[in-house]
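Asks: Take a look and give me a structure for this.
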Amino acid sequence: MSPPASGKGKESGTARILGSGTSGVAELLIFHPVDTIAKRLMSNKGKVSLSSLSTIIFREHATAPIGSKMLSLFPGLGYAAGYKISQRIYKFGGQPWFNDILNRHFKSNFTNTFGERKGKMMMQATAGSLTGIGEVALLPLDVLKIKRQVNPEAFRGRGVLRIFKDEGLALYRGWGWTMARNAPGSFALFGASAVTKEYVLGISDYSKATWTQNFIASISGAVASITVAAPLDTIKTRIQNANFESKTSGVTVIKDLLRDEGATALFKGLTPKILVVGPKLVFSYTIAQSLIPWFANYV
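Replies: Residues are numbered from 1 along each chain as shown. Next up is the predicted model:
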């Protein structure tokens, strides 16, 4: 997913895969329960209150012992592993690849339009947007992960191979909304991070940023990305968590949501996502940005 580079100290394809893959594994082990909670909150169509919160999050395990409650937050871990590790390798390892392409073929266009400094940041953001659009290829794994988290009845005892055979292209339902969410979301993630490094931290060579600098830049990128993508993320999640045979379109989801819940429902779950899911993105992005240059010294 990333091009090879000659010589140690360069961000080779292997270094990018190792660094981004490690970030995906670490994120999965720590934050999968958090992701489950966020998806269940976004999928809930009723009013959220302190009395109903436990039932929304833990469902039939709401009155179970604490151990059973915690385990109930790990549905679809296998699907999550396949999706999250692949997605992080593609996203954090692939964005530098798209940036390399833009640098080789379109650098003068960006420089002439935005200037040297802003052109570099715009290339980072545009490369992120292109990467986000390409993530649609991983959509079936994301669909299966979400359904296991919020609608396990949709599986009806079927294994993953049987589901792929039975559902086929239906697993790509919501692909347009996924691309519409990913393009601006990834643009904001990599763009805000680049702006923070360039203007706030004064870093011109992003690969030389320290762990702390990467952490600070990741916070800016994560908050911007989550906020920009929130409305489309809510729509995408509701399309994907329905039963496989459901043919509900994104337009219908929007109409129903606006009619029954109001426009603010488009941002349902935004606060917990920024406060809880945000650190997940900050964590993985920081690790990827720090480990890729580190691995590049050895591979």
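Asks: Specify the next element, helix or strand, located C-terminal of the lengthiest helix in the chain.
Replies: Secondary structure of the chain per DSSP state H: the longest helix is helix 77-114. Under the assignment DSSP states H and E, the closest C-terminal helix or strand after helix 77-114 is helix 116-134.
Asks: so that following helix versus helix 77-114, what angle?
Replies: Angle, helix 116-134 to helix 77-114, by axes from the mean of the first three to the mean of the last three C-alpha atoms, to 10 degrees: 150 degrees.
Asks: Show me what counts as buried in helix 116-134.
Replies: Across helix 116-134, burial judged by 16 or more other C-beta atoms under 10 Å covers 118-134. The C-beta positions use only the backbone N, C-alpha and C, and glycine is treated the same way.
Asks: just to revisit the earlier point, other SSEs contacting the longest helix of the chain?
Replies: Packing contacts for helix 77-114, counted by 3 or more C-beta pairs under 8 Å, 6 or more residues apart in numbering; DSSP states H and E, involve helix 13-43, helix 116-134, helix 139-150, helix 175-195, helix 278-296.
Asks: got CSV for those, with mean pLDDT and distance to residue 53 too?
Replies: Listed next are the helices and strands packed on helix 77-114 as CSV, based on pLDDT from 0 to 100; distance: least, C-beta to C-beta, whole Å:
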stretch, mean pLDDT, distance to residue 53
helix 13-43, 86, 9
helix 116-134, 95, 31
helix 139-150, 75, 15
helix 175-195, 91, 26
helix 278-296, 92, 20
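Asks: nearest to residue 261, of these?
Replies: With C-beta to C-beta as the criterion, residue 261 lies closest to helix 13-43 of the helices and strands packed on helix 77-114, at 11.7 Å.
Asks: for the closest one, the distance to its chain's centre please.
Replies: Here helix 13-43 shows a centroid-to-chain-centroid distance of 8 Å under the convention C-alpha atoms, centre = their mean, to the nearest Å.
Asks: Next SSE downstream of that helix?
Replies: Criterion used, DSSP H and E; the element after helix 13-43 is helix 50-58.
Asks: Give me the mean pLDDT for whichever helix or strand comes after that next one.
Replies: Counting by DSSP H and E, the element after helix 50-58 in chain order, helix or strand, is helix 66-71. What helix 66-71 shows for mean pLDDT is 86.
Asks: Could I get the CA-only coordinates of stretch 210-222 as PDB?
Replies: C-alpha atoms of stretch 210-222 as PDB (Å, rounded to 0.1, in the frame of the first residue of the first chain):
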ATOM      1  CA  THR A 210       8.900  14.200  18.500                       C
ATOM      2  CA  TRP A 211       6.300  12.000  20.200                       C
ATOM      3  CA  THR A 212       4.900  15.000  22.100                       C
ATOM      4  CA  GLN A 213       4.600  17.100  18.900                       C
ATOM      5  CA  ASN A 214       2.900  14.200  17.100                       C
ATOM      6  CA  PHE A 215       0.500  13.900  20.000                       C
ATOM      7  CA  ILE A 216      -0.400  17.600  20.000                       C
ATOM      8  CA  ALA A 217      -0.900  17.600  16.200                       C
ATOM      9  CA  SER A 218      -3.000  14.400  16.400                       C
ATOM     10  CA  ILE A 219      -5.400  16.100  18.800                       C
ATOM     11  CA  SER A 220      -6.100  18.900  16.400                       C
ATOM     12  CA  GLY A 221      -6.500  16.500  13.500                       C
ATOM     13  CA  ALA A 222      -8.800  14.100  15.400                       C
END
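Asks: Mind listing what's buried along that stretch?
Replies: So for stretch 210-222, counting by 16+ other C-beta under 10 Å, buried means 213, 214, 215, 216, 217, 218, 219, 220, 221, 222.
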